[in-house]
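# Structure for this input, please:
(chains A and B)
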Amino acid sequence: MKRPLQVTLLVLSGLGLLHASLFTDLFLRYVKEGMRPLLIASGVLLLLLGIAEAWSTPAEAPSARHGHDHGPDGDARSDGHGHDSGQGDGGHGHDHGHDHSTVPRVAWLLFLPALSLLFYAPPALGAYTASREAPRAVASGERRFDPLPATSPLPMTLTDFTRRVRQDRSRALAGRTVLLTGFVTPDTSDKGGDTWYLTRIILSCCAADAQSVKVRVHGTPALPGDTWVAVTGAWHPGGTLGTASAGADLDARAVRRIERPVNGYTDDLPLVPSR
Amino acid sequence: MQKTEVLAEEPGATPADPALSPAAAPAGPAPAREWPRFWPALLLGAAVLPGTVVFVLGRWSDGQALQAWRTVCLAVTVQALPFLLLGTALSGAINAFVPAHVFSRVLPRRAALAVPVAGVAGVILPGCECASVPVANSLINRGVTPAAAFAFLLSAPAVNPVVLTATAIAFPGSPAMVLARLLASLVTAAAMGWLWLLLGREEWLRPAVRHTGHRPGHSRWTEFRRGFQHDFLHAGGFLVLGAMAAATFNVAVPRTVLDAFSGSPWLSVLFLAALAVLLAVCSEADAFVAASLTGFSPLARLTFMVVGPMVDLKLIALQAGTFGRAFAARFSAATAVVAVLVSTLVGGILL
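Have a look, this model is predicted:
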């Protein structure tokens, strides 16, 4: 790989990272929000590397090739061929010693993520992934549940709703109207009928470890997959509320389309997009 | 000054230099294995083809699978890039700024003792496995015995405080899991180091010497910058390759398949070990994934967390790029076996 190409690659990668993390929220489609400072720093670093490479005179290049030292005491002994190569016998140098200005061809692959981030960023994971994943198990940690706030409809996360349905023995959810948000995953199983899943995909690190949490919604026709909605409704009776026999099901009374929230890969109460 | 060290970049025509690593001084020049020059293309094909074939066969009619593939592939790359930069910057700095005698002073002189010390030293590198490959490589080039460098390479991603904290959060109320992970990872790393001392051969390592340490008359900063840049471009390409392979398996194998294997205790251990290799989840996140695999025994989940940071698709690609394919194939296979054995043993006692 020639030096101008290396410069291009470094600069494009840096710009791609900065574009995705500093100028837009694209990075939230792939990793968690906490990665933002690291990504910005990496973008700046790559950009600086590219600029430094472009800035350095090509005359420096011959001095970059070199032999190598002979082990622990290399510093003391390397003066021999170190000086040799320092004298810059140009043609010689390409045969002996190693030239940092050549990079193996596998580096070409780095153009893919760089260009992809800049021009053709794939969408966030959605219904396709969720429909192929078993729903994430809801932690059965604490046994005590605080009383629910009195507001109605009550905004809840899908995880919270599931835990209340399955584990809250005080049955605080009985008769309550709740407000859940998530995206639509059509029910592809045969017994589905006219139900669909209100879904959130949760990342613990990046999109490679995506897990989903789902609540089955009854009573309204399904919107197209990946539509973000806010659903108002009450628990759909099935099994005994407060035990593991209860289904995480919801009778929908109203379904409203919403924008994809900024924190789309969490199961938190929705935040509005910043753009 | 004889100029015997003819060094080439590509894994092809590369007469090995015995002086590459100090331990090999008496052994004559070792002929490097000849690989086709286009083998990265072969690996690329292996990574992309399965997905493409299934896609073309029309199982995924609407292109959603391809979108998911691209998303996962990009996500793995984006997630790993900062850590890869950290690792390559660190390895560049070690080469340009740290004199070689520092390592010979810090590490015990006997290689058998240096191995566990290096394994424990892995605690200081906070990051995931992408950072440790270039660092281990630069340690070898600075005269650290390869066995110790490999112990460091294996233990660093698994035993650093960030990862252990994540494990404790993912498994609330079971400190035994954290302890088991720490112990099993350290024991595996040390065992692999000793195994290398016993059976390892220098010629498996590709003599890709790209660092010399600081040489008089050269600017340390230029050396640092050029080494950093070269390593990053090199390892970055292999990272993308590994991400592609991981994304292929991530999209092609639905998690619902897992249920089929969770019944049998032995099968589930082996299955989760294989899953850890295929999914290539970052070591900082694998505890959460392991915690979510609720159908499996704690022992199987421990195996997932011990194997994952040591052997996975993107790591194999990175190792192949850094140390050569002959090394990566043998080392990864041996590590996987040792890791499964050790975590079964440690998990059997502690969990």
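# As a check, name the ranges of all helices in chain A.
For chain A, helices defined by DSSP state H occupy the ranges A:3-18, A:36-55, A:61-64, A:74-77, A:79-86, A:90-95, A:111-119, A:127-132, A:158-167.
# Can I get the ones you listed in JSON lines including mean neighbour count?
C-betas here are computed from N, CA, C, even on glycine. What follows is these, written out as JSON lines (neighbours: other C-beta atoms under 10 Å in any protein chain shown):
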{"stretch": "helix A:3-18", "mean neighbour count": "21"}
{"stretch": "helix A:36-55", "mean neighbour count": "18"}
{"stretch": "helix A:61-64", "mean neighbour count": "20"}
{"stretch": "helix A:74-77", "mean neighbour count": "16"}
{"stretch": "helix A:79-86", "mean neighbour count": "18"}
{"stretch": "helix A:90-95", "mean neighbour count": "12"}
{"stretch": "helix A:111-119", "mean neighbour count": "19"}
{"stretch": "helix A:127-132", "mean neighbour count": "21"}
{"stretch": "helix A:158-167", "mean neighbour count": "21"}
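# in chain B, what spans have low per-residue confidence?
For chain B, applying pLDDT under 70 flags the ranges B:1-44, B:46-47, B:49-62, B:126-128, B:207-217, B:254-259, B:285, B:294.
# Now for residue B:98, how many residues are close by?
Residues lying near residue B:98 (other C-beta atoms under 10 Å in any protein chain shown) number 15.
# and it, what are its phi and psi?
Dihedral pair for residue B:98: phi -100, psi 120, per degrees, to the nearest 10.
# Double-check it against residue B:141; I have them as touching.
No - taking contacts as C-beta atoms under 8 Å, residue B:98 lies outside contact range of residue B:141: 11.3 Å.
# residues shared between the contacts of the two?
Common neighbours of residue B:98 and residue B:141 are not found (criterion: C-beta atoms under 8 Å, 6 or more residues apart in numbering or on different chains).
# picking up where we left off before, can you lay out the helices of chain A as JSON lines showing mean pLDDT and distance to chain B?
Compiled in JSON lines, those are given as follows (pLDDT from 0 to 100; distance: least, C-beta to the nearest C-beta, whole Å):
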{"stretch": "helix A:3-18", "mean pLDDT": "92", "distance to chain B": "6"}
{"stretch": "helix A:36-55", "mean pLDDT": "93", "distance to chain B": "4"}
{"stretch": "helix A:61-64", "mean pLDDT": "44", "distance to chain B": "5"}
{"stretch": "helix A:74-77", "mean pLDDT": "36", "distance to chain B": "6"}
{"stretch": "helix A:79-86", "mean pLDDT": "36", "distance to chain B": "4"}
{"stretch": "helix A:90-95", "mean pLDDT": "34", "distance to chain B": "7"}
{"stretch": "helix A:111-119", "mean pLDDT": "91", "distance to chain B": "5"}
{"stretch": "helix A:127-132", "mean pLDDT": "83", "distance to chain B": "4"}
{"stretch": "helix A:158-167", "mean pLDDT": "87", "distance to chain B": "12"}
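# And those: which comes nearest residue B:150?
Among the helices of chain A, the nearest to residue B:150 by C-beta to C-beta is helix A:74-77 (21.1 Å).
# For residue A:206, give me its contacts.
For residue A:206, counting by C-beta under 8 Å, 6+ apart, the contacting residues are A:30-32, B:75-76, B:78-79, B:282, B:285.
# beta partners of it?
Per DSSP bridges, the residues bridged to residue A:206 are residue A:31.
# pLDDT wise, what is it at?
Listed pLDDT for residue A:206 reads 77.
# following the host helix or strand of residue B:83, which helix or strand comes up?
Element membership for residue B:83, per DSSP states H and E: helix B:64-97. Going down the chain from helix B:64-97, the next helix or strand is helix B:101-106, by DSSP H and E.
# Who are the packing partners of the following helix or strand past that following helix?
Downstream of helix B:101-106, the next assigned helix or strand under DSSP H and E is helix B:111-121. Secondary-structure packing of helix B:111-121 (3 or more C-beta pairs under 8 Å, 6 or more residues apart in numbering or on different chains; DSSP states H and E): helix B:146-159, helix B:175-199.
# So for chain A, which of the ones you listed sits nearest?
Within the helices and strands packed on helix B:111-121, the stretch nearest chain A is helix B:146-159; the backing value is 12.5 Å (C-beta to the nearest C-beta).
# rewinding a little: who wins on neighbours among the contacts of residue A:206?
Neighbour counts for the contacts of residue A:206, by other C-beta under 10 Å, peak at residue B:76, which reaches 34 neighbours.
# so where do the helices sit in the stretch 201-350 of chain B?
Taking DSSP state H, counting those that start in this stretch as the criterion, the stretch 201-350 of chain B carries its helices at B:220-252, B:265-279, B:286-292, B:298-307, B:313-323, B:325-350.
# All set now, cheers.
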